[in-house]
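Colleague: Give me a model of this one.
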Amino acid sequence: MSDASPRLVAFDLDDTLAPSKSAIDPRIGELLLALAERVEVAIISGGQLQQFRTQVVERLPQAASTLLAHFHLMPTCGTQYYRLNTEGIETVYSHSLTDDEKQRALSAVREEAERLGLWEAEPWGDILEDRGSQITFSALGQSAPLEAKMAWDPAGEKKNSLREAVAARIPDLEVRSGGSTSVDITHRGIDKAYGMNKLVEATGIPLDDMLFVGDRLDPDGNDYPVLAMGVECHAVHGWEDTAAFLEKLLPTLPERAEV
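Modeller: Below is the predicted model:
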């Protein structure tokens, strides 16, 4: 960073702010509001807006609109961008896949998953999901319990084999590993680095003044593009790590004159 303190702190969602598909702990909610009193707060995830709503927005302590205005929500890695106010969530933009792109993506991922023996006969909810700007394959279903998801592919080999097979079928689209059991398909060039660059455009804050917190900063992880672009990053292993890090970071940040 260009000085000692970041002007914007961005977070991954699942396994960084909360367990996968779960609501944030009240401790995280309080820390996020305290952080927003000092810097801009962004959340960038491959998940859809509804996950942001139920996992984070609806769990934040009550706050003034002037404070909520410092939150930036970027579902599907920044192909959608939303801001908060006292009335709820305001859309800034949403860039969707075309119907043709969606159909080709859905067909490719289903057929390759079946060929590789990765199509679950009795999933917990839908395996395929149209998120507008992203098609997501969730191997065990959208509502699979955390324990089952963590046990399905601990080394990432199943996801990587599926990603490679699908990418060969639809070379005009981006295919990448998502969460613990998911593969995401978007327009090319869409990853969390794309989302960070969109934050630069929206806020005017340079990348050198941003800090990113995530749990998948390894080279195969979906947070790695942020590290690779040169943004300062902090690796965590679960929301408790994030909470402990924020409790140390907050006292080092100057308070904003008006919140």
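
Colleague: which residues in the chain form helices?
Modeller: Using DSSP state H, the helices of the chain run over 26-36, 49-55, 65-68, 99-115, 146-152, 157-169, 192-203, 224-228, 239-249.

Colleague: closest to Gly179 out of the ones you listed?
Modeller: For the helices of the chain, the distance to Gly179 is smallest for helix 146-152, at 7.7 Å, taking C-beta to C-beta. Any C-beta I mention is one placed from the backbone N, CA and C, and that applies to glycine too.

Colleague: Now that closest one: buried residues?
Modeller: Residues Lys149, Trp152 are the ones in helix 146-152 that count as buried (16 or more other C-beta atoms under 10 Å).

Colleague: what does stretch 13-24 give?
Modeller: Applying 16+ other C-beta under 10 Å to stretch 13-24 flags Leu13, Asp14, Asp15, Thr16, Leu17, Ala18, Pro19, Ser20, Lys21, Ile24 as buried.

Colleague: List the contacts of the fourth one.
Modeller: When you say that, I think you mean Thr16. Shown in contact with Thr16 (C-beta atoms under 8 Å, 6 or more residues apart in numbering): Val213, Gly214, Asp215, Val236, Gly238, Trp239, Thr242.

Colleague: before we move on, what about the third one?
Modeller: The neighbours of Asp15, taking C-beta under 8 Å, 6+ apart as the test, are Gly179, Ser180, Asp215, Arg216, His237, Gly238, Trp239.

Colleague: With adjacent residues omitted, what lies nearest to the most centrally placed residue in the chain?
Modeller: Note on the chain: the residue nearest the mean C-alpha position is Ser45, at 1.0 Å, using C-alpha atoms, centre = their mean. Leaving aside its sequence neighbours, Ser45 sits nearest to Leu13 (C-beta to C-beta, 6 or more residues apart in numbering; 3.8 Å).

Colleague: Over to Ser96?
Modeller: Nearest residue to Ser96 in three dimensions, chain neighbours excluded: Gly132, at 4.5 Å (C-beta to C-beta, 6+ apart).

Colleague: Name all residues that make contact with the residue nearest to the centre of the chain.
Modeller: Asp12, Leu13, Asp14, Gln51, Phe52, Met74, Pro75, Thr76, Cys77.

Colleague: Which of those fall in strands?
Modeller: Met74 (DSSP state E).

Colleague: so which of the contacts of Ser45 comes closest to Val92?
Modeller: Nearest member of those to Val92, counting by C-beta to C-beta, is Met74, at 9.6 Å.

Colleague: can you pull the contacts of Ser94?
Modeller: Thr79, Gln80, Tyr81, Gly132, Ser133 are the contacts of Ser94 under C-beta under 8 Å, 6+ apart.

Colleague: Is it bridged to anything, and to what?
Modeller: When bridges are called by DSSP bridges, Ser94 pairs up with Gln80.

Colleague: Residue ranges in this protein under the pLDDT threshold?
Modeller: Applying pLDDT under 70 to the chain flags the ranges 1-4, 257-259.

Colleague: Mind doing that once more with 80?
Modeller: 1-4, 179, 257-259 (pLDDT under 80).

Colleague: Tabulate the contacts of Thr16 (TSV), appending distance to Ser96 and neighbour count.
Modeller: Output for those, formatted as TSV (distance: C-beta to C-beta, whole Å; neighbours: other C-beta atoms under 10 Å):
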residue	distance to Ser96	neighbour count
Val213	28	22
Gly214	25	27
Asp215	28	23
Val236	31	24
Gly238	32	13
Trp239	30	23
Thr242	31	27
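
Colleague: Take the residues you listed and keep only those in strands.
Modeller: Val213, Gly214.
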